[in-house]
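> Here's my sequence, what's the structure:
(chains A and B)
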Amino acid sequence: MSVPSPTHCPYCALQCAMTLTPTVRPDVVDAASDAAPAPVTVAGRDFPTNRGGLCKKGWTSAELLRAPSRLGAPLVRGADGALHETGWDEALDLVAASVRRISAESGADAVGVFGGGGLTNEKAYLLGKFARLAIGTSRIDYNGRYCMSSAAAAGNRAFGVDRGLPFPLEDLDGASTILLLGTNVAETMPPFIGHLAGAQAAGGLIVVDPRRTATARLTEEGRGLHVQPAPGTDLALLLGLIHIVIAERLVDADYVATRTVGFEAVRRSVASWWPERVQSVTGVAALTLRRLARRLAGGGNTYILTGRGVEQHVDGTDTATAAINLALLLGLPGRQGSGYGTLTGQGNGQGGREHGQKCDQLPGYRKIVDPEARAHVARVWGVHPDTIPGPGVPAVELLQSLGRPGGVRALLVHGSNLVVSSPNVAAVREGLAALDLLVVCDFFLSETAALADVVLPITQWAEEEGTMTSLEGRVIRRRRAIAPPAGVRDELWILAELARRLGCVATFDTDPELVFEELRLASEGGIADYSGIDYQLLDSGAPAYWPYPRGSAGTPRLFADRFAHPDGLARLVAVSVREFARPKPGDGEVTLVTGRLLEHYQSGAQTRRVPELLDAQPAAFASMHPATAERLGIADGDPVELTNPRGTVHCVARLSPDIRPDAVFVPFHYGDEQAANLLTSDAVDPISAMPEFKTNVVRITRLVEAGVPA
Amino acid sequence: MSSTLKIVLVGYGPVGARFVEELLPAVRAGAISLTVLAGEDIEAYNRVLVAEYAVGNTDLDAMLVGDRHAAEQAGARVLLGVAATAIDRDTRTVTLSTGEELEYDRLVLATGSRANVPTLEGVERHRRDLSSLEKYAAQLVARDDALPDGITALRDLADAERVLQAVRERRRIIVLGAGVLGLELALAAAHAGAQVCVVHHGPHPMPRNLDRGGGQVLRAALRRTGITVIAHSRAEAVAFRTDDEGRRRFDMLVTADGKQLRGDLLVLSCGVSPRNELATLAGLRTAVGIVVHPSLQSWSDPNVYAIGDCAQVVERTDELVGQRVLPGAPSGLIGPGWRQAAWLAESLAAEATARAASTPAPPVERDSIVMLKAEHIDVVAVGEISADPWDDDALHPKRRVSQWADPEHLRYVKMVTEDGVLTGFVSVGMPRTAAELTLLFERRGELPADRSLLLRFDGPDYDPAADADAFAPATTVCWCNGVTVGRIEESAACGNTTVECVGRDTRAGTGCGGCKGRIAEVLARAAEADGTPSLTP
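I've put the predicted structure just below:
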């Protein structure tokens, strides 16, 4: 009999609710069959975030469960250089022995762990514990560094806490004005846009994006305003808006006086950003800036939301800080019906950044350098605090150390496709090639898995239990609908087995609920306190927003009375534009903006294996303005080459008036010679260590045919 | 480096403040000891906003740019209200208005500029040549000329206060001069309710920055805002009256052709001149401003630098040394001044910390963009814009000029390119076009071959996709699921004639649901088309 399982989508942070109903008996699994239909049907499920709707990715998600290319047994690279199927014991013994040897030779920090924002809370938590206790390494970080790190750093600095949306998503329904900075929700999390309807109806949806995206189009027909600044000028734009708000006395003075500190410095820092100067930097007319500032300050329910477009910069933390400053000056955060938030991208991008995958962090969003935090976590783990290593290094630095003297020699990768999603892919490929051991856990032979020495096949979302924390800081349940294919294993089991082989005596449970119980204790008293949440509560359907200390009812809305700094006040932090932060395009060069498409999720390792999605967007393309194309002698559909000193990408040109003539857009979902990140710089934000994904300079040339220059 | 580098900065305007800010890390590190002679008894503020302040649009607080406390915390000495009165270059000392003497290793002059007082019968003005300076140093150095009651320049906060009072009382204000500053004030004051008359001797406003077409459109736009514009009029004299309190104050401006223009306040907006007098007295080479190398070092003394409005950057050649008049002049704009300040601070910090000179080459300024800061009239101009579309200029075979004029709607654009690259433009009344052109000019971008593309930004309802057919088969209806009009029509043709059926078949409308209305429209059209014989195959 088929029992429907209420769960959530495997992809983005909106975590749309869905119901999976097995189509075959879940215990009969034939992974070998090529023509196997999806073993479950997918239906949208009513939930406050998606209200029963799903996007194309969610609807087709089950097709991956029995995809013919799914890995069914561990792979080990043989003497012939090829990957060969092997048994689990052999594979795990090999990994453990190699880790032991390298650790003994070069110290535990020669072994690195790279996690992902798609892992469940349980996996993320156990991965951090595994790195610190079983391996004893400080070298752990994750791909959320490319995603939420700038917003997280800015949020922590301003509010003392980083919860993407400090309010339930539904609150947006009542907004009259919503400012979206650098986010294309209509493609990245489509069901989200239902929550923009109120602002649209009030003519108050404002979208800031160098591209006229699907989201920007939602402002058409009098429903709002699309502002199209030159790439990389977001910070100047925000300083200009703050300037106008202060100069025109639109500041919520009572709020600023009673709930914040730092106003004087911010006021000084924006005095030199008058609208006309901002116009000359951003290309946005002074008139538009004034209208925008006045609308934001015009009363009513107003929200300011940021996305990766403004955060994935070498000054991403400062840019997010400027957005927060604007919100604070207008008195938005903590006021019912208004606020500031950042839109988390990856499925568990929120929970994944709270429980110890970050190099400087312990569970509960604790700082690894804080003696009290170390003592607390050490108690839960049953170890002496001194056995927990100190802070490691952030993702880009970790990858830069691969194979280098004193760097990482062995790397364990979970939930990440490094050679597609990391900046400066060519350097990452070199680093991976220089390793003594690369172990990748994945469902498929992703571009990164294909380079590994050992590939461990793992369960997919419909085959496992666990919890995720959505973009609104709500902890939700992932539920198992069917059994996994015989040859694959859950990552909790893999970590436990490896820990045992490494001689670690700490507990590594394989039951997600037991792991969660431990996570509760470890997070207790921390910033992201989950101690009052258990599976029973979640299974009852009760909304659980953290912080949720034991005995409380959780926190749907933060900041109503106070911010999370000890004095309860928010910090206004003066930030400034660094003149030489990024290279400016020279003659004949344009600025590369990378981003996502509706049909694909992150590195595309999953969505490129769904026929319907791949058919719709089969390959990378370079979207450019017809005027730019004309200048370069490029016609729609021409094969083109994009180059800069870091690399070369081959794809086809797509002409569109929706992009600024000084920019080119390439989606980053594709691998090999189509990997947009071959062109991105691994220079990072000094605070968050976020790389620069949005303003890399490239040269475009037409190819006569694929591979042949004109 | 065994000792610290002693730097004295004269002047604490926005350029001086930027210099201080950039220098603080080296000051904090103890490599540099910095003393700032602020002159005015106030923190550094952004002069660009003085006109806004003068009409009550902004507060002083919002104009402050310098952070004296941060500077002092870092170890700098900031002397508000203290001016430099003399420089002794042999002993490398500066004499202060307090009588104190300060030694320096490097002296940085950021003395800025003062408003010009034109030759007007009835208004006293002082020459600041060397012999006058030597005779009357105490009256002339670091001091501006006092103007009679009812006459003011618009340079500092005291000037702005005078204007603000007149604006508040809705007085009649006469602005002499139609440069950017004068017009900004005129527009802001008129908007704030004052009666404003602009008098100038050129054929049209902003003659230095605009061509005839742009100037004419601007003049029409000014008049439409209620400002009286009197062109071709050279001011000759002012007459005074005695007010109720027995004070002699401005009464009328008299022009060379005999016009008598009565008003309550005369605002002189006749350009600015660098404050050179300290340099002149110290025997430093001056022309329009203090003459410095591109490295901002004085031609006369390697230990003295000048930045901002008082600095005239000239590459020194043997030929030029003997000439009295030198090419160029200070730009009078803030952007170049800030770049100079940042560059010089970096270079001096490198020297003080004996760091390898990693500093980039000194900033080279192109023409600066002039923007009229006003809310209801948008004027932006830069570069050489006198060329005409029909010119046949043998010297500039690659120069092209495109022009758009719509005087009735107060719109005008001219774009001048050399080999496709924008070298100058004028834009009046087209803010979004101007914003794009500004950016293209700043980045030396190439213009699209179809220049009219740029004009469309200011169309009444600019929408790059407006010509796209909302019912074209490739048009996306459901964004959540990427379903096009064509796909829905196909589904409809297969018998799915309701929104729900189409949703089950194509997933259109099963995401956020926002497109259900559009799906219904597509279905309605499809149903209609069904009964009608099609004209196309």
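> any low-confidence regions in the stretch 401-537 of chain B?
Where the stretch 401-537 of chain B drops to pLDDT under 70, the residues are B:459-469, B:530-537.
> Show me the residue of the stretch 551-700 of chain A that gets nearest to chain B, please.
Ranked by CB to the nearest CB, the top residue of the stretch 551-700 of chain A for proximity to chain B is residue A:627, at 3.3 Å. In short, each C-beta sits where N, CA and C put it, glycine included.
> ok, the closest residue to residue A:59 other than its chain neighbours - how many residues close by?
Spatially, and ignoring its direct neighbours in sequence, residue A:59 is nearest to residue B:507 (5.4 Å; CB to CB, 6 or more residues apart in numbering or on different chains). Residues near residue B:507, counting by other CB atoms under 10 Å in any protein chain shown, number 24.
> so what's residue B:507 up against?
Neighbouring residues of residue B:507 by CB atoms under 8 Å, 6 or more residues apart in numbering or on different chains: A:54, A:56, A:59, B:478, B:480-481, B:483.
> can you do 10 Å?
With contact taken as CB atoms under 10 Å, 6 or more residues apart in numbering or on different chains, residue B:507 is in contact with A:44, A:53-56, A:58-60, A:612, B:478, B:480-483, B:487.
> Quick check, pLDDT for residue 64.
Unless you meant another one, I'm taking chain A. At residue A:64, the predicted lDDT confidence score is 95.
> wait, I meant chain B there
For residue B:64, pLDDT reads 86.
> where's it relative to chain A, distance?
In this view, residue B:64 and chain A are 6 Å apart by CB to the nearest CB, to the nearest Å.
> For that residue, what are phi and psi?
When quoted as degrees, to the nearest 10, the phi and psi of residue B:64 stand at phi -70, psi 130.
> isn't residue A:585 right next to residue A:628, touching?
No. When contacts are counted by CB atoms under 10 Å, residue A:585 is not listed as touching residue A:628 (11.3 Å).
> joint contacts of these two?
Among the neighbours of residue A:585, those also in contact with residue A:628 (CB under 10 Å, 6+ apart) are A:662-663.
> buried stuff in stretch A:579-590?
A:581-583, A:585, A:589-590 (16 or more other CB atoms under 10 Å in any protein chain shown).
> Which members of those residues additionally contact chain B?
When CB under 10 Å from any CB of the partner chain is applied, the members of these adjacent to chain B are A:585, A:589-590.
> if we can go back for a sec, mind checking pLDDT for the residue of the stretch 551-700 of chain A closest to chain B?
For residue A:627, the pLDDT comes out at 86.
> which residues touch it?
The contact partners of residue A:627, by CB under 10 Å, 6+ apart, come to A:655, A:657, A:660-661, B:446-451, B:453-454.
> try 7 Å
A:661, B:448, B:450, B:453 (CB atoms under 7 Å, 6 or more residues apart in numbering or on different chains).
> and it, that's in a helix?
Yes. Looking at residue A:627 with DSSP: H, G, I helix; E, B strand; the rest coil, it is inside a helix.
> Could you check how far it is from residue A:695?
Distance of residue A:627 to residue A:695, given as CB to CB, to the nearest Å: 20 Å.
> next one: residue B:96
Distance from residue B:96 to residue A:695, by CB to CB: 47 Å.
> what does residue A:595 give?
12 Å.
> Same check on residue B:437?
Remark: distance between residue B:437 and residue A:695 (CB to CB) = 21 Å.
> next one: residue B:90
Distance from residue B:90 to residue A:695, by CB to CB: 51 Å.
> between those two, who's got more neighbours?
The residue with more neighbours, out of residue B:90 and residue A:695, is residue A:695; 27 against 5, by other CB under 10 Å.
> Run through the residues that contact the more buried one.
Going by CB under 7 Å, 6+ apart, the list of residues near residue A:695 reads A:231-232, A:313, A:582, A:591.
> Most neighbours among those residues, please name it.
residue A:313 (30 neighbours).
> Ramachandran angles for residue A:22?
Here is the backbone geometry of residue A:22 (degrees, to the nearest 10): phi -60, psi 140.
> Next one, pLDDT for it please.
The model reports residue A:22 with a pLDDT of 95.
> I'd guessed it sits against residue A:483; true?
No. Counting by CB atoms under 7 Å, residue A:483 is not a contact partner of residue A:22; they are 9.5 Å apart.
> More neighbours: the two, which one.
A direct count of neighbours by other CB under 10 Å for residue A:22 and residue A:483 places residue A:22 higher, at 20 against 16.
> For stretch B:362-378, what does the pLDDT average out to?
Rounded mean pLDDT across stretch B:362-378 is 82.
> residues making contact with it?
So stretch B:362-378 is contacted by A:274, A:276, A:280, A:287, A:290, B:180, B:183-184, B:187-188, B:191, B:209, B:221, B:225, B:294-296, B:331, B:333, B:335-336, B:339-340, B:343, B:379-383, B:429-431, B:434, B:438, B:441 (CB under 7 Å, 6+ apart).
> Tell me the span between the first and last residue of it.
Terminal residues of stretch B:362-378 lie 32 Å apart, using CA to CA, to the nearest Å.
> Could you pull out the buried residues of that stretch?
Across stretch B:362-378, burial judged by 16+ other CB under 10 Å covers B:362-363, B:365, B:369-374, B:377-378.
> residues from the stretch 51-200 of chain A in reach of chain B?
A:53-56, A:59, A:186-187, A:190-191, A:193-194, A:197 (CB under 7 Å from any CB of the partner chain).
> And the stretch 201-350 of chain A, by the same measure?
Residues of the stretch 201-350 of chain A lying near chain B (CB under 7 Å from any CB): A:212, A:214, A:220, A:230, A:246-247, A:267-268, A:271-272, A:274, A:276, A:279-280, A:283-287, A:290.
> Mind checking which of those are in helices?
Within those, membership in helices is found for A:214, A:246-247, A:267-268, A:276, A:279-280, A:286-287, A:290, as judged by DSSP state H.
> Adding pLDDT, write those residues out as TSV.
Below are these laid out as TSV (pLDDT from 0 to 100):
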residue	pLDDT
A:214	93
A:246	95
A:247	92
A:267	94
A:268	90
A:276	89
A:279	93
A:280	89
A:286	93
A:287	91
A:290	94
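> just those residues now: which is nearest residue A:143?
Residue A:143 has its nearest neighbour among these in residue A:214, at 24.8 Å by CB to CB.
> ok so, going back, PyMOL command for the buried members of the contacts of residue A:627?
Those of those that count as buried under 16+ other CB under 10 Å are selected in PyMOL with:
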select buried, (chain A and resi 661) or (chain B and resi 448+453)
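> Before I go, just wanted to say thanks for your time.
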